[in-house]
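[1] sequence first, predicted model second:
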Amino acid sequence: MLFDSSIRKELARSFGATLVVLITVVMTMMLIRTLGQASRGSVAPADVMLVMGFTVLGQLPTILSLSLFITVVGTLSRMYRDSEMVIWFSAGRGLMSLLAPLLRFSWPVLLVIAALSLVVWPWANRQIQELKTQYEQRSDVDRIAPGEFQESANGARVFFIDKDTPDANAANNVFIATREQRGETVTSAQSARLEIRSGERIVLLRNGQRLETAPDKPGLRISEFAEYGTLIGGGPQGGTDAGAIKTRDTWDLAQDPQSQAELGWRLGSTLAALNFIVLGLAVAIVNPRAHRSTSLVLALLAFMVYYNLMTVGQAWVGAGRVGILPFLLALHGGTLALGLLLVTARHNHWSLRALLPRGSAA
């Protein structure tokens, strides 16, 4: 009883501190990234904190897995370094006996990671996508700021109006530059007014000039007008296929054979967290002749390699090169078997020399 409680208390303290540090680092990185998106016009400045919060919430499975891995490795390494492991080993506790208290401490975290990966991850992505879509689907008129050049949602138009505007629906000295496949157009007018006809927003330009160029026709076409109307549309609709898949519920992915790659990633996040507990028990060891942080460096390296393999496997499943079940068994099942083998070898004090035949050892 004392053995389990002492280890779990040590793990709880270390896990809390590690989680706070990692969340702070990730929030800072996500804030910088979201501010960059807002400066490029992808996110509304008023929604920066919301987008950052949803992004961090979606990244929590990875943060919790890394925190759990660092906690196991750091705690056991400290126990080796302070000779506590020697005391427990002398009392008849082997390395395999540590696996039970580690799992008792980790199972609530594993459940949270599973819930975040399978339920919260697609929900957070949907919220982010909705915020971006609402901002991108604003009318081009809503983007116009007097005295400033503003780009339309799809990047095909550039607007400019004079600072001296009569009201919100009228403007003076209007400039509109449009680039399309059929050519480029530059329109200027002395005044403009916004009107709604048949549910559509139309800008009526008065007393202006229109310059048109076509890629397949030489020369420049110039026309003057007393009144000219142009339809003001919204931004691009929807998102990329990869972004749409990330917003779908896990149950829908399970029923769609074309979305197995994303399903494998979500299931793999939970399986990876379980494997990190076993790997942490296997790699946590202190060499008196090595640096104190050697185990943590090995843990971070193993974490990076593991997640890179998950990314590669996700691409292979998406391309149809491997099925989702063989991928899960090969990567996560193989990692679990390797971790248990390493723990068993250290528990029984196996060495490479003892495993080799006597003739080979010579």
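    Received it, and whenever you're ready, just let me know what you need.
[2] count of residues packed around W251?
    Residue crowding around W251 was assessed by other CB atoms under 10 Å; the count is 11. Any C-beta I mention is one placed from the backbone N, CA and C, and that applies to glycine too.
[3] and for the one 10 residues further on?
    The local packing of A261 (other CB under 10 Å) involves 20 other residues.
[4] any chance you could map the helices in the protein?
    Secondary structure of the chain by DSSP state H: the helices cover 2-39, 48-81, 84-90, 99-115, 121-136, 140-143, 241-246, 250-254, 260-283, 294-319, 324-328, 334-347, 352-355, 358-361.
[5] can I get these in JSON lines including mean pLDDT and distance to L204?
    As requested, these are arranged in JSON lines below (pLDDT from 0 to 100; distance: least, CB to CB, whole Å):
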{"stretch": "helix 2-39", "mean pLDDT": "85", "distance to L204": "32"}
{"stretch": "helix 48-81", "mean pLDDT": "88", "distance to L204": "36"}
{"stretch": "helix 84-90", "mean pLDDT": "69", "distance to L204": "81"}
{"stretch": "helix 99-115", "mean pLDDT": "90", "distance to L204": "54"}
{"stretch": "helix 121-136", "mean pLDDT": "83", "distance to L204": "25"}
{"stretch": "helix 140-143", "mean pLDDT": "57", "distance to L204": "12"}
{"stretch": "helix 241-246", "mean pLDDT": "68", "distance to L204": "37"}
{"stretch": "helix 250-254", "mean pLDDT": "85", "distance to L204": "46"}
{"stretch": "helix 260-283", "mean pLDDT": "89", "distance to L204": "47"}
{"stretch": "helix 294-319", "mean pLDDT": "87", "distance to L204": "49"}
{"stretch": "helix 324-328", "mean pLDDT": "91", "distance to L204": "57"}
{"stretch": "helix 334-347", "mean pLDDT": "86", "distance to L204": "66"}
{"stretch": "helix 352-355", "mean pLDDT": "48", "distance to L204": "84"}
{"stretch": "helix 358-361", "mean pLDDT": "42", "distance to L204": "91"}
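[6] quick one: closest of those to F175.
    Closest to F175 of the helices of the chain is helix 140-143 (CB to CB; 13.4 Å).
[7] L110 touches L274, doesn't it?
    Yes: using CB atoms under 8 Å, L110 makes contact with L274 at a distance of 6.2 Å.
[8] neighbour count winner among these two?
    Taking L110 and L274 together and counting by other CB under 10 Å, L274 has the greater number of neighbours (21 against 18).
[9] please list all residues in contact with the more buried one.
    Neighbour list for L274: 106, 110, 336 [criterion: CB atoms under 8 Å, 6 or more residues apart in numbering].
[10] what does the pLDDT read for V286?
    In the predicted model, V286 carries a pLDDT score of 60.
[11] quick check, Q314 in contact with G264.
    Yes: checked against CB under 8 Å, the pair Q314 and G264 is within contact range at 6.1 Å.
[12] who's more crowded, these two?
    For the pair Q314 and G264, the greater number of neighbours falls to G264 (26 against 19), based on other CB under 10 Å.
[13] quickly list the domain ranges of this structure.
    The chain breaks down by automatic domain parsing into domains covering 2-135+239-361, 140-231.
[14] let me know which of these is tucked in deepest.
    When the domains of the chain are scored by mean count of other CB atoms under 10 Å, the highest mean neighbour count falls to domain 2-135+239-361 (a mean of 17).
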